[in-house]
Structure formats: C-alpha cells, structure tokens
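Asker: After the sequence you'll find the predicted model.
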Amino acid sequence: MNISEKSNSTLMLIALSVFWVIMAMGCSGVTPRLDKSTNQRFEAEIGHLIESIVSKKAYAPRMMAPASVIPGSFKSDLPYSRLEELVMERLALRVRETRDLYTLSRQNWFECREGRPMTFYGAAFGDWQILKNLIVYEVTASSEDILNQVKVRITASDANGRTIPGVVGEATFDYAPGTPAYELYQASQISTPFPEGLEERPYESIDRLAYSLTAELVDAYRAGIEAGGHHAADEDIRVLLFVKESSARVDRGFQDLIQNTLQQAMVGNRGVSCVVSQEDFGPVFRQIDFYHKTRRVFDMDESMFKAGTVLLMTEMFRHPDGDKIGVALRALWRVSPLESRDGDFIPTNVAGTYLSGFTSKAYVINQRVQGAHRDHRRPVTVNTPADYAPLQDLDICFYQFTDVYEKRIYPVLIKAPGLSEIRREDALCDDQTACRCYVLRYAGNLDEISGYLRRNLRTSTVLPFRLVPKGYDLLEVHFERGFD
C-alpha cells in the first residue's frame, strides 16, 4: 500500500469516527430524540408532584377560593424556562378541575413581586370578597450543576403575600444532556404569562400605556370597592391631574408628553372630564395617609375635595437598566358611606368620606418614548382668558369619522381658544354608530367654534366634513366617507 492509499484510509477512519460521535450525541442544533420510557418516568414524576400539591388542603376559607399560577423566576434572577412553563400549564389544568383560575392584573404582578397585599380594583364587591381568599401557586425550576440535578418546587401563598403552611412540594430530576428535564430547562418558553407593562414586557406605545392606566382608574372609580361596599359620590368623573416633578433624570419634555397623553386618554372615557392642575397634590396625599394612621385623634378637612372629583397624581421614573421608563399613578376620591360593609371606618369630614382609591404603574420602552418625544408638540393649556366672552355649555357631535380623524378630534378641540373644560358625552349620540360627542365649557358661540374647526380640523385642502348647527348650543360635524 502506497502513501496515498494510507492517507485515504486514515481520512476515512477519522470521518467514520466523527460520524458515529455525532450520531451518539445528536446533531448540533437539533433536539435529541428522548427515550420513551424516560419520558414516561418524567411525566409520572411531574404528575405525582402536582397531585401532592393539589391534595394538600388549605384551611377552610380557601376551600372554594380561586387560584393563580405564577413562575418563581419572576421574583429571582433564574431564567424562565420551558420546564417551568410546562409545569405551570399542567398545574393550571389540574387546579381548574376544582377551582376558578384568576388572571392576575398588572398591578397584582407588581404587588406579588414586592411582597405587598394584592388589590383588586374594578372587581365587584362579591368578587372582591372571594378574591381576598385567593391562592397563588408558585412554580420554580432551578439547576444544581455540581450534582447534575434540576429541582422543581411548588409553593403557595395567599392574597396578602403570606406563605400558606404545608402547601409545598419538590421533585428532583437528572440534569444530563438528553434527559427531559435538561432539554426543557435549556429551552426557551413558548409564550409569556406576563401582562403588558411589566419589566419583562414593557409597552411599546405611550398611547397604549396611557389608555390602559386611565381605563383601570375609571373602572376602579366606578366599582368603588377599595374598603368594600361603598360607591363613588357622583356618576360624572371630574379628574384633576398633576404631574409630579421627577427626580430620576426624566426629561421635562417627556413629562409634558405623558401629561398630554393621559389627559387625552382620560377624556376618551365616557362621562369623564380632565383638567391639569398647577398645584402639587403631594401635601393632600400625605395628609390623608397621616389621617389613616391617626384618625382617632385628628379631624381632616380638605377644601380641594369636592363630590365627584378625582385627584390624580402622576410620577415618572427610570428603570435601573435604562431601557425602560416607568409611569406611576395614584388617585384619591370621595366615597360614601362612612362605614364599609366590613365595619372599617373611612376617613371623613363633615362634607363626606374620602378614600385612597387607586394606585397603578407600568413600563414603556425608552426608545419609543424618545421617538414620541421628538414628534411631540407642547400642548396648549386649557384656560379662559379674561377678555373672552362668558362661559357657556356647547355640545359637539362628530359622525362617520375615519380612523385618521378619530385621532385628531380631541387634540384639536383641546386647543380651542376660550375652552375651559371638556368632557366626553356619548349619551348624546342616541345609539348611532361611529359617533362621538363632547360637552364644552366654552367662552364663545357656535360660529366661533365652527370657524376654529374649519381652520384646524381638516388635513388637506379638501374639506371632508359638513358643520351643521342645531339651535344655539349644538353643533353636528358630519364626515363624508365617499361611496359608503
């Protein structure tokens, strides 16, 4: 055999050796085919773990309580893996056989992470009573590299964040390549359990963030269940908005942008009006917090609080990683009666009762903020100059508007000279579709507001709408939609 033939034989032996090594280990980037019996043992151990948790009874009030399932990695630096997700899915299916599954709100996730009692704003009184007994199952998967093990642990806590004694279980699996636990732990999750606005899933739009926060506030106000069983003092919601000066290096331009967007989103809710306050609410909030703690000693009287008025304070802050900006809301409003159904006293004075009614926060991607800030024009302050005519109420209804004009209506109206107050009032639509109505507190007449809309509402030289006055206090704006 010559040198050339020896070289070829050597190369073939090397190639065959490499081939069999690859076949034994599994091709790179391809999940190895797992042995059927190994899979069955893994499934049996997961099933046994879940059954051991479900069979452990909490004390009596929780027997019919709803439940939620969350990943333990949410509270730690551990990765949220497919293994954790799989066990959560199996546990949720098993729990659903005997209990209702409750979907945590974004605020619940923040409270859970921070170890604070959960709040259930917007829930009806009966639901709120049940949710106080909520069981939160927490699934955690972690690896022990030295021991070649993966541990899956399930614990439970109540709505106040306290651990429920005795409801705990753990299973240990082999952590070697090719085993089910290893492959699942190394794989990424298929979906995310986190709602928009959390650190793990920040909003990509400032408008979406603002509309979500304001919708939550309006729902909480109308439900009126913070202490249980009381209700808001007025059906119409008058919001007084104050944006707190940020100490976390948040640009003032962004604060103005958030203020304008929140105001627009607030007025987008039926029966809600919103004006911007130049007065800091901080002292009022601190006074009420202090009164909550010392109400047996001190009386409280706050002239800013009128029936049907919501004091809304907003603050912005940066996330430590710099990629996200947070927006936090806190609201106070009057409620009645003086005593809740649970017998708890609500802070009060001779004018009525008060309540720290709502808190919420959410994150938005910083790059989205910067992009919106570049396009942002500082909003015109809504006020009534001294040389304007006396204020009067005018109704304006818009019909058959397009998506483009739907986004322009409120920003144009809010900048009308002489406008003092604006609120949405869709009850004027008489059940017509594609209709939006506003009530303006306006220093002027229909001719003046009509001229303003002709100049500022259109988007081209073609005027796609007709202005139809009805009497002296109603203006209808009909959009031309072509061949509808």
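Answerer: Right, received. Where do you want to start?

Asker: Contact partners for the spatially closest residue to Phe120 that is not a sequence neighbour?
Answerer: Excluding the flanking residues, the one nearest Phe120 by Cβ to Cβ, 6 or more residues apart in numbering is Leu131, at 4.8 Å. For glycine as for every other residue, the C-beta is placed from the backbone atoms N, C-alpha and C. Listed by Cβ atoms under 8 Å, 6 or more residues apart in numbering, the contact set of Leu131 reads Pro66, Tyr102, Met118, Phe120, Ala123, Ala159.

Asker: And the pLDDT at Leu131?
Answerer: With respect to pLDDT, Leu131 scores 85.

Asker: that older thread, name the nearest of the contacts of Leu131 relative to Gln432.
Answerer: Ala123 (32.2 Å; Cβ to Cβ).

Asker: Would you mind giving me the PyMOL syntax to select the buried ones in the contacts of Leu131?
Answerer: Listed next is the PyMOL selection for buried residues among the contacts of Leu131, using 16 or more other Cβ atoms under 10 Å:
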select buried, resi 66+102+118+120+123+159
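
Asker: Can you name the residues bridging to His478?
Answerer: Beta bridges link His478 to Tyr399, Arg466, judged by DSSP bridges.

Asker: hang on, it packs against Arg466?
Answerer: Yes: between His478 and Arg466 there is a contact under Cβ atoms under 8 Å: 4.7 Å.

Asker: Determine which member of these two has the greater number of neighbouring residues.
Answerer: With neighbours defined as other Cβ atoms under 10 Å, His478 and Arg466 compare such that His478 has more, 15 against 11.

Asker: Need the residues touching each of His478 and Arg466.
Answerer: In the contact map built from Cβ under 8 Å, 6+ apart, no residue is linked to both His478 and Arg466.

Asker: Distance check, the residue nearest to Phe120 against Arg99.
Answerer: Applying Cβ to Cβ, to the nearest Å, the value for Leu131 to Arg99 is 12 Å.

Asker: Common neighbours of those two, please.
Answerer: Common contacts of Leu131 and Arg99, defined by Cβ under 8 Å, 6+ apart, comprise Pro66.

Asker: quick one, domains of the chain?
Answerer: Under the assignment automatic domain parsing, the domains of the chain span 35-186, 206-374, 392-479.

Asker: picking up where we left off before, of the contacts of Leu131, which is the nearest to Leu440?
Answerer: Distance to Leu440, by Cβ to Cβ, is smallest for Ala123 among the contacts of Leu131, at 34.5 Å.

Asker: Give the full set of residues in contact with Asn148.
Answerer: Residues in contact with Asn148 (Cβ under 8 Å, 6+ apart) are Asp174, Tyr175, Ala176.

Asker: Format those as CSV; extra columns: secondary structure.
Answerer: Below are those laid out as CSV (DSSP: H, G, I helix; E, B strand; the rest coil):
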residue, secondary structure
Asp174, strand
Tyr175, coil
Ala176, coil
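
Asker: surely Ala328 meets Thr314?
Answerer: Yes: using Cβ under 8 Å, Ala328 makes contact with Thr314 at a distance of 7.1 Å.

Asker: out of the domains of the chain, which comes closest to Thr192?
Answerer: Once these are compared by Cβ to Cβ, domain 35-186 is nearest, at 8.0 Å.

Asker: which intervals of the stretch 301-450 of the chain have sub-threshold pLDDT?
Answerer: Residues of the stretch 301-450 of the chain that meet the criterion pLDDT under 70 lie in 301-308, 334-357, 368-389.

Asker: hey, where'd the helices end up in the stretch 101-250 of the chain?
Answerer: 106-114, 125-131, 180-186, 206-223 (DSSP state H, counting those that start in this stretch).

Asker: looking at these, which one has the lowest mean pLDDT?
Answerer: helix 125-131 (a mean of 72).

Asker: Next, the buried residues of it.
Answerer: Going by neighbour count (16+ other Cβ under 10 Å), the buried part of helix 125-131 is Trp128, Gln129, Ile130, Leu131.

Asker: if we can go back for a sec, of Ala328 and Thr314, give the one with the bigger neighbour count.
Answerer: Thr314 (22 against 16).

Asker: Double-check the more buried one against Glu245; I have them as touching.
Answerer: No: contact criterion Cβ under 8 Å: Thr314 and Glu245 do not qualify, at 10.8 Å.

Asker: What separation do you get for Tyr410 and Tyr363?
Answerer: For Tyr410 relative to Tyr363 (Cβ to Cβ), the value is 25 Å.

Asker: so Tyr438 makes contact with Ile414?
Answerer: No: checked against Cβ under 8 Å, the pair Tyr438 and Ile414 is beyond contact range at 9.8 Å.

Asker: shared neighbours of those two, which are they?
Answerer: Shared contacts of Tyr438 and Ile414 (Cβ under 8 Å, 6+ apart): Val267, Ile422.

Asker: what ranges do the strands span in the stretch 101-250 of the chain?
Answerer: Ranges of strands in the stretch 101-250 of the chain, per DSSP state E, counting those that start in this stretch, are 135-144, 149-157, 163-174, 231-232, 237-243.

Asker: so which of the ones you listed comes closest to Glu43?
Answerer: The closest of the strands of the stretch 101-250 of the chain to Glu43 is strand 163-174. By Cβ to Cβ, the value is 11.4 Å.

Asker: What pairs with that closest one, parallel or antiparallel?
Answerer: Partners of strand 163-174, by DSSP bridges, with direction: strand 149-157 (antiparallel).

Asker: quick check: angle from the partner strand to helix 106-114?
Answerer: Angle, strand 149-157 to helix 106-114, by axes from the mean of the first three to the mean of the last three Cα atoms, to 10 degrees: 120 degrees.

Asker: where are the low-confidence patches of the stretch 51-200 of the chain?
Answerer: Scanning the stretch 51-200 of the chain for pLDDT under 70 picks out the ranges 57-63, 121-126.

Asker: And for Asp447, the neighbour number?
Answerer: For Asp447, using other Cβ under 10 Å, the count is 11.

Asker: before we move on, the earlier item: for the domains of the chain, give me JSON lines that also has distance to Thr192.
Answerer: Below are those laid out as JSON lines (distance: least, Cβ to Cβ, whole Å):
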{"stretch": "domain 35-186", "distance to Thr192": "8"}
{"stretch": "domain 206-374", "distance to Thr192": "14"}
{"stretch": "domain 392-479", "distance to Thr192": "29"}
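
Asker: Among those domains, which comes closest to Pro193?
Answerer: Proximity to Pro193, assessed across the domains of the chain by Cβ to Cβ, is greatest for domain 35-186 (6.6 Å).

Asker: ok, now how distant is Val95 from Ile164?
Answerer: 14 Å.

Asker: Please disregard the earlier target; I meant Cys437.
Answerer: For Cys437, the distance to Ile164 equals 51 Å [Cβ to Cβ].

Asker: higher neighbour count, those two?
Answerer: Neighbours per residue (other Cβ under 10 Å) separate Cys437 from Ile164, with Cys437 holding more: 21 against 17.

Asker: A helix includes the more buried one, no?
Answerer: No: according to three-state DSSP, Cys437 belongs to no helix; its state is strand.

Asker: was I right about it contacting Arg424?
Answerer: Yes: taking Cβ under 8 Å as the definition, Cys437 is a contact partner of Arg424 at 7.1 Å.
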